[in-house]
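*Asks:* sharing a model that was predicted from the sequence below.
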Protein chains: 2
Amino acid sequence: MSDLLDTIRDLAKKTDSKIVMVVLDGIGGLPLDPGGDTELATAKTPNLDALARDSQLGAVELVGAGITPGSGPGHLSLFGYDPLKYVVGRGALSAVGIGVKLGAGDVAVRGNFATLGKDRIVDDRRAGRPSDEKNAEIVGKLRAAIADIDGTPVEIYTESEHRFVVVFRASGGPALGANLSDVDPQATGVQPMTAVAHDDASVKTAALVNAFVTRAEAALQGESQVNGVLFRGYSDVPHFPSFDDAYQLRAACIASYPMYKGLASLVGMDVLTVEGHEDALDGKVQALTDNWSKYDFFYFHVKKTDSTGEDGDFQAKVKKIELFDQLLPQLLALNPDVIAIVGDHSTPSKLATHSWHPVPLLIHSQYGRKDAAARYTEDEALRGSLGLRRGTDVMPLLMANALKLNKYGA
Amino acid sequence: MSDLLDTIRDLAKKTDSKIVMVVLDGIGGLPLDPGGDTELATAKTPNLDALARDSQLGAVELVGAGITPGSGPGHLSLFGYDPLKYVVGRGALSAVGIGVKLGAGDVAVRGNFATLGKDRIVDDRRAGRPSDEKNAEIVGKLRAAIADIDGTPVEIYTESEHRFVVVFRASGGPALGANLSDVDPQATGVQPMTAVAHDDASVKTAALVNAFVTRAEAALQGESQVNGVLFRGYSDVPHFPSFDDAYQLRAACIASYPMYKGLASLVGMDVLTVEGHEDALDGKVQALTDNWSKYDFFYFHVKKTDSTGEDGDFQAKVKKIELFDQLLPQLLALNPDVIAIVGDHSTPSKLATHSWHPVPLLIHSQYGRKDAAARYTEDEALRGSLGLRRGTDVMPLLMANALKLNKYGA
């Protein structure tokens, strides 16, 4: 299926103009009580306010009406990749989330530790939700027992609680397929299932998975609770069109968390080194300043607006917004041709989780019209000239405002 | 093509929250004179106004820009079925409209009475638009003459004027196909055409149709004007994904008119018994109250807002809106987690027919933001936070507000 990205690729041109896309993770919020102010509306943001008065505002739905985006789909949408079309598998997203790079032909698999009873019957699909420390201990045991299977390198990574990730490396051999059945029966009282390949390329992968299960159970025989493994969600490397190619940009990612660096690298951005503490944001500003001349697109990620929302801590989220506001003048001082402020989804403190609500979008360039929105807040944004849009509209708008798109048709 | 409904099916989860979708049929209107008030803006609606001040508003186009929806497509859109993809055939919609249930393998056919002259030449494709009484009389003659054709049960129903419906019942035998050519030549001065099957499954149907034509003309030989039948639009039962399955809901329909009960039952809702007079609406409130604990989704249909618009009676439509407003507190007293007020299309009194104009949408839940719309009217709705959307967005938004959708992607 042809999509907007193909059209943009045909129109994109290289220029010297520079774009900064600031993603305030989970920025959209809700009032704690009906009719009240959201976190953004509560925060004192003189710098954002001043920028908003001189910018175009609107609101974006990242995936679709009513749909709550995960971080992956939310970011892909902002990067211009339709998240209903470009899907990152669970295994690959887990690998990305812990900072593991996948190469061509590799397969990543999401695993759960489980408790197996007599005759390998699954008693608990999550092994009683072990602590992260116990998880790391078990992963250590498995690493010692399974470095490779018949010469195929096997990497095992801890995630959290009962979750871990296994990467089977093709390491120069034929690509491993990712089209095979689950080991996880998604029920208790039955045995783990045997993985079955659904195509020729996945026959070897299925053999690797089944051998892993057997050897893991042997290695964990002494454990009372964490003595089995279940697999669900195999993925190879998603083959997405390259961001640089689609937009004719030299693009860089400025983020601290593995998930966001991973997503940016999936679409082919350079991931810059960021020093310092996430909270202070000064390391990120430094990375931006140091690399200003080398790139013409910067994805600048701010995490804590989401974390505080996830914690259900309204006031803490307000503070993180204010912290970004204090930093904003340093970004503006670089004088980007286009700067956008947006989020990858809403994370209202009231819900303490991601939500479906549209996020405010701000685009500042010298090519804006009058705009009725006076602040970067959820309800003001809806009065802005950009209207309510899909997240995939953001990149074309930034490219246009940077005068990086040729005319469509004669 | 995969559509939003597939995504929603993957994300939907069962919860205890309850959703009421009120469909005020044909609710959107127009001012009689440019710059004036619509029926909604004219009506005194203190209860709707109070609800609107505490709700999210927007406007919906059911099918697309400039497209005037029939009741079928309008409702399908509200139920989340893209009306350009999920098409109910003319025959099936007619059957549904008069309350006739179709079973698997049955075929429904839309018929016109016609006037045939010498050598079966079509003189009038609508037989001079007979009265409904004449129509019923002719249908009575046909029923007496054609109870079955070679053992296949045949049912004949009056619709109005020149329109009637024939249902051929598979009655346990092989499914009857609906892929055959029309009898209606769509021109005068020529003979009716012979139906020709376009696939094997429709060979028997074509034979039934042609036999019906011959026997009907024989039975109507004494008639001067209504002496022929033309068929156009054959349909079998539409196979739509089940509403309950797609949304993980136990859904009930509260409506009086056959068309709406039929549409709800096409998507698999339970159709509740409604006592009392349509106008009073008290029977509908009673049905809602009596079944409150048994379902978690209620489609609540109000017909007269459309009928009065169709009559071109502005003041009568205003009165019907005010009548609903008086009833609204009884719905709110049930304390639904989400209540939506919307229409299946506009029916401005000024046009005395359906129109393409967007209909106002109101969604009330505890997860709303500030909203600039102060009344449930066409122009206020456009100031609301939900923006201007497709009708198929309504169900995902209701599901989200009821916290019945999981996150999309990690």
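*Replies:* Happy to help now that I have it.
*Asks:* can you classify the residue of chain A found nearest chain B by secondary structure?
*Replies:* Closest residue of chain A to chain B, CB to the nearest CB: residue A:66 (3.1 Å). All C-beta atoms are positioned from the backbone trio N, CA, C, and that covers glycine. Three-state assignment for residue A:66 (DSSP: H, G, I helix; E, B strand; the rest coil): coil.
*Asks:* before we move on, what about residue A:52?
*Replies:* helix.
*Asks:* neighbours of the closest residue to residue A:306 other than its chain neighbours, just the number please.
*Replies:* Closest residue to residue A:306 apart from its sequence neighbours, by CB to CB, 6 or more residues apart in numbering or on different chains: residue A:26 at 3.1 Å. When neighbours are defined as other CB atoms under 10 Å in any protein chain shown, residue A:26 has 31 of them.
*Asks:* is it true that residue A:26 touches residue A:351?
*Replies:* No - counting by CB atoms under 8 Å, residue A:26 sits too far from residue A:351 to count as a contact (10.4 Å).
*Asks:* quick one: distance of stretch A:152-168 to the chain centre.
*Replies:* On the basis of CA atoms, centre = their mean, to the nearest Å, stretch A:152-168 sits 19 Å off its chain's mean C-alpha point.
*Asks:* show me the helices in chain A, by range?
*Replies:* Along chain A, the segments classed as helices by DSSP state H run A:4-11, A:39-42, A:46-53, A:71-78, A:90-97, A:132-145, A:203-219, A:243-247, A:258-266, A:282-290, A:304-310, A:314-333, A:378-381, A:394-401.
*Asks:* the residue of chain A closest to chain B and residue A:120, how far apart?
*Replies:* Distance of residue A:66 to residue A:120, given as CB to CB, to the nearest Å: 42 Å.
*Asks:* pick out whichever of these two has more residues nearby.
*Replies:* Taking neighbours as other CB under 10 Å, residue A:66 and residue A:120 compare with residue A:66 leading, 26 against 14.
*Asks:* what score does that one have for pLDDT?
*Replies:* Predicted confidence (pLDDT) for residue A:66: 97.
*Asks:* I'd say it and residue B:405 touch.
*Replies:* Yes - the pair residue A:66 / residue B:405 is scored as a contact, 6.4 Å apart, by CB under 8 Å.
*Asks:* burial count for residue A:218?
*Replies:* The burial count for residue A:218: 10, using other CB under 10 Å.
*Asks:* that one contacts residue A:141, doesn't it?
*Replies:* No - with contact defined as CB under 8 Å, residue A:218 does not count as touching residue A:141 (10.7 Å).
*Asks:* hang on, the earlier thing: just give the nearest non-adjacent residue to the residue of chain A closest to chain B, would you?
*Replies:* residue B:396 (3.1 Å).
*Asks:* over to residue A:114?
*Replies:* That would be residue A:228: by CB to CB, 6+ apart, it lies 4.2 Å from residue A:114.
*Asks:* so who does residue A:21 touch?
*Replies:* Residues in contact with residue A:21 (CB atoms under 8 Å, 6 or more residues apart in numbering or on different chains) are A:78, A:297, A:298, A:299, A:300, A:339, A:340, A:342, A:394, A:398.
*Asks:* if we go to 7 Å?
*Replies:* By CB atoms under 7 Å, 6 or more residues apart in numbering or on different chains, the contact list for residue A:21 reads A:78, A:298, A:299, A:300, A:340, A:342, A:398.
*Asks:* just the endpoints, please. Distance across stretch A:269-289?
*Replies:* 17 Å (CA to CA, to the nearest Å).
*Asks:* buried set for that stretch?
*Replies:* Using 16 or more other CB atoms under 10 Å in any protein chain shown as the test for burial, stretch A:269-289 gives A:269, A:271, A:272, A:274, A:278, A:281, A:283, A:284, A:285, A:286, A:287, A:288.
*Asks:* check the third one and give its pLDDT.
*Replies:* Put plainly, it is residue A:272. Residue A:272 is given a pLDDT of 95.
*Asks:* can you map out the strands along the stretch 101-250 of chain A?
*Replies:* Using DSSP state E, counting those that start in this stretch, the strands of the stretch 101-250 of chain A run over residues A:107-116, A:122-124, A:148-149, A:152-160, A:163-168, A:228-236.
*Asks:* tell me how far the longest one lies from the chain's centre.
*Replies:* Which is strand A:107-116. Mean-position distance between strand A:107-116 and its chain equals 21 Å (CA atoms, centre = their mean).
*Asks:* check the third one too.
*Replies:* In this view, strand A:148-149 has its centroid 30 Å away from the chain centroid, taken as CA atoms, centre = their mean.
*Asks:* which strands or helices does that strand pack on?
*Replies:* Judged by 3 or more CB pairs under 7 Å, 6 or more residues apart in numbering or on different chains; DSSP states H and E, the packing partners of strand A:148-149 are helix A:203-219.
*Asks:* what residues does the stretch 51-200 of chain A put near chain B?
*Replies:* Counting by CB under 7 Å from any CB of the partner chain, the positions of the stretch 51-200 of chain A adjacent to chain B are A:63-73, A:83-84, A:90, A:93.
*Asks:* I should have written the stretch 251-400 of chain A there, sorry.
*Replies:* Applying CB under 7 Å from any CB, we find that the stretch 251-400 of chain A lies next to chain B at A:354, A:356, A:357, A:378, A:379, A:382, A:387, A:388.
*Asks:* using CSV, lay out those together with distance to residue A:263.
*Replies:* Below are those laid out as CSV (distance: CB to CB, whole Å):
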residue, distance to residue A:263
A:354, 15
A:356, 20
A:357, 22
A:378, 24
A:379, 29
A:382, 28
A:387, 27
A:388, 25
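*Asks:* please list only the buried members of those.
*Replies:* Among these, those classed as buried by 16+ other CB under 10 Å are A:354, A:356, A:357, A:378, A:379, A:382, A:387, A:388.
*Asks:* between those, which is nearest residue B:99?
*Replies:* The closest of these to residue B:99 turns out to be residue A:356 (CB to CB; 37.7 Å).
*Asks:* can you pull the contacts of that closest one?
*Replies:* Shown in contact with residue A:356 (CB under 7 Å, 6+ apart): A:66, A:67, A:68, B:400.
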